[in-house]
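**Q** Return atomic coordinates for the entry below.
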Amino acid sequence: MRFLIRYLEKKFLRYLAMGMFVASYFDDVFNQLDKKGVTEEIFYLIRKYPAYELWITGHSLGGALASLAAAKIVHSKAIPQERIKLVTFGQPRTGDSGFASGMASSLSFYNYRVTRARDLVVHVPPRVFQDYAHYRTEIFYDNDMKPGAKWIRCVGGDEDKNCANKYGHVLNNKSSLFI
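**A** Alright, predicted model coming up:
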């Protein structure tokens, strides 16, 4: 239960903009990695190869961390935002609607969240907890994602009803029985 409470708490995202919050858990993990020099190494590579594009990607928790890294790098202005490419896979909701709006405007050139049919992870934490939200743009696979599989670019914002949200994963009071 302590983990769930910690997971759902939010922290002010100090390196993106005012009024934006992210889940404490994601922020804590990101800061642990950051202390080990992960983003400093990225900044070093940006300086060493100034004409290169920067691709940032991650799966599940790694997707949340990738979005925080992208936010920090955009805020630093170390590289023009049009050269930052963010692609995540099965990313949970990382922050609130302010964070989602900030990510959408800060990384408006190339920013995609890839989701797959019936993946529960992309629906947590539930929106009912402290306004958690996804940023755009969702790329949805309603299939097994094998090479050549069809996908949809979702235009409905935070979980388009024709994409991952169409399966209606609901965490209700009974969900707490499994904690």
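
**Q** For the protein, just list every one of the strands.
**A** For the chain, the strands defined by DSSP state E cover 10-12, 21-23, 54-59, 84-89, 95-96, 111-116, 132-133, 138-141, 152-154.

**Q** Single out the most deeply packed of those strands.
**A** Sort the strands of the chain by mean neighbour count, taking mean count of other C-beta atoms under 10 Å, and strand 95-96 sits at the top with a mean of 26. Placement of C-beta: from N, CA and C, glycine included.

**Q** Can you list the neighbours in contact with that strand?
**A** Applying C-beta atoms under 8 Å, 6 or more residues apart in numbering, the set of residues contacting strand 95-96 from outside is 10, 13, 20-23, 26, 130-133.

**Q** Apply 10 Å and report the result again.
**A** Applying C-beta atoms under 10 Å, 6 or more residues apart in numbering, the contact partners of strand 95-96 are 10-11, 13, 16, 19-23, 26-27, 64, 67-68, 71, 101-103, 127, 129-135.

**Q** Just the buried ones from these?
**A** The neighbour-count criterion (16 or more other C-beta atoms under 10 Å) marks 10, 13, 16, 20-23, 26-27, 64, 67-68, 71, 101-103, 127, 129, 132-135 among the contacts of strand 95-96 as buried.

**Q** could I get the longest helix along the chain in CSV with only the CA atoms?
**A** Looking across the chain with DSSP state H, the single longest helix is helix 61-76. In CSV, the C-alpha atoms belonging to helix 61-76 read as follows (Å, rounded to 0.1, in the frame of the first residue of the first chain):
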residue,chain,number,x,y,z
LEU,A,61,8.8,2.7,-16.8
GLY,A,62,11.5,3.5,-19.3
GLY,A,63,9.0,5.5,-21.4
ALA,A,64,8.1,7.7,-18.4
LEU,A,65,11.9,8.2,-17.7
ALA,A,66,12.5,9.0,-21.4
SER,A,67,9.8,11.7,-21.3
LEU,A,68,11.4,13.3,-18.2
ALA,A,69,14.8,13.2,-19.9
ALA,A,70,13.3,14.8,-23.0
ALA,A,71,11.7,17.5,-20.8
LYS,A,72,15.0,18.3,-19.1
ILE,A,73,16.9,18.4,-22.4
VAL,A,74,14.3,20.6,-24.0
HIS,A,75,14.3,23.0,-21.0
SER,A,76,18.2,23.2,-21.2
